[in-house]
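Peer 1: Requesting a structural model of the entry that follows:
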Amino acid sequence: MSTAHIHDVQAPPNALRLGPRTRRLIRSVARVVNPLVLRFAGRPHMPVLGILHHRGRKTGRPYATPLGIRPAAAGGFVMPLTFGEAAGWYRNVRAAGSAVVTWRGADHPVAGPVIVGEAAALPAFPRYERLSLRLIGVREFVWLRPAAGPEPGA
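Peer 2: Have a look, this model is predicted:
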């Protein structure tokens, strides 16, 4: 995943479009489900789920969001942007410019969120997840680079 490749290719928008009622329902369900998922996400035995630690862009409140996270070949991590750029976690990370990913029991400082397309992100996911993501219409992903050190591909 080179930096040139990321900036040259515009990711097509995700096919998943939800109305305001559906989004409210998902947020309500997430308030119940996320605390349960956080009990096992990010642990060494759970490579499917990681935890994105970020701060609210308006309140400064700390958040821990369980997400499907995979290490990127160029460093850092990629995650599906299932609900597009309107996702709260994405807007918070973009505003702050950095976050911490807990994956397989370790914390990884990350920065510089970049939206990438399928070609750049899907190789990080196992075959069954690539198929699932394509079936639900996810075409956009977020690449979070390692916070320290040179930019990958530089």
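
Peer 1: Low-confidence ranges, the protein, go.
Peer 2: By pLDDT under 70, the low-scoring segments of the chain are 1-19, 22-23, 26, 149-154.

Peer 1: Tell me which stretches of it form strands.
Peer 2: Remark: strands assigned in the chain by DSSP state E are 49-55, 62-68, 70-71, 77-80, 98-103, 106-116, 141-146.

Peer 1: List the buried residues in stretch 95-105.
Peer 2: 99, 101-103 (16 or more other Cβ atoms under 10 Å). Heads up, the C-betas are built off the backbone N, CA and C, glycines and all.

Peer 1: The residue positioned nearest the centre of the chain and Gly60: what is the separation?
Peer 2: A centroid search over the chain (Cα atoms, centre = their mean) returns Met79, at 3.2 Å, as the residue closest to the centre. Using Cβ to Cβ, to the nearest Å, we find Met79 at a distance of 23 Å from Gly60.

Peer 1: likewise Ile136?
Peer 2: Distance from Ile136 to Gly60, by Cβ to Cβ: 33 Å.

Peer 1: So which of these two has more stuff around it?
Peer 2: Set Ile136 next to Gly60 and count neighbours by other Cβ atoms under 10 Å: Ile136 wins out with 12 against 8.

Peer 1: So for the longest helix along the chain, what gets flagged as buried?
Peer 2: What stands out as the longest helix in the chain, according to DSSP state H, is helix 20-37. By neighbour count on 16+ other Cβ under 10 Å, the buried set for helix 20-37 is Val37.
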